[in-house]
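> have a look; sequence and predicted model below, questions after that.
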Amino acid sequence: GGNITGQSIQTADIAGKRLQLLKEAIPNVSRMAVLWDATFPGGRHQASEAEVAARTLGLQFQLLETQSPIDLDSAFGAMTQNGVGAVLIVGSPRFFVHRARIAELAIKSRLPAMCVAREYAEAGCLMSYGASFPDLFRRSATYVDKIIKGAKPADLPVEQPTKFELTVNVKTANALGLKIPPLLRLRADHVIE
């Protein structure tokens, strides 16, 4: 019908919340990096939103872009060299595939990493805050039902996520010598021990 529909997982507008949560976990951090995938069309927008959020929170920041997985090593090296205290990983399909490598590099570099989805924290990143994929999958069934009952896909709006989840990896926090504040831990939807 000329239009697309469905559900979006693009949540660039919550970059501020991600940085706020990371700052809550590491109150003394003042310099952060924002790592983004330049090959992903939504990456630039998400990185820009993170840049604005960092300024609002009074954080110094360093934007680091990657063009391929090979760039991850040099990006984390640059973060270490520049005295960055934490990193926000901007979501992309390529980063999702390489989330275990990203987590490994973050831990090796002693950098707490905030990511966009629970799977990153499960792979070893310190924290994640993002759309709940199980909720999105359930809501997708509603779209299918509407279309089966005769709704035209072109008439259905693209929906934004409405349920978000915070995951904290305590095992990674311990490896980095961090203590997650009790209130933050209580607010987490998932805690990895």
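Here it is on my side, so go on.

> list the buried ones in stretch 144-158?
Buried positions in stretch 144-158, judged by neighbour count with 16 or more other C-beta atoms under 10 Å: residue 156. Using the backbone N, CA and C atoms, a C-beta is placed for each residue, glycine as well.

> how far does it sit from the chain's center?
30 Å (C-alpha atoms, centre = their mean, to the nearest Å).

> for that stretch, measure first residue to last.
Start-to-end span of stretch 144-158 (C-alpha to C-alpha, to the nearest Å) is 13 Å.

> and stretch 112-122, by the same measure?
14 Å.

> and the contacts of that stretch?
Residues from elsewhere that reach stretch 112-122 (C-beta atoms under 8 Å, 6 or more residues apart in numbering): 11, 18-19, 21-22, 25-26, 29, 85-91, 96, 99, 102-103, 106, 125-131, 133, 165, 167-169, 172-173, 176, 178, 190, 192.

> all strands for this structure, in order.
Under the criterion DSSP state E, strands of the chain are mapped to 6-7, 31-37, 60-66, 86-89, 113-115, 127-131, 158-159, 164-169, 190-192.

> so what strands line up beside the first one?
Strand 6-7 has the following strand partners under DSSP bridges: strand 158-159 (parallel).
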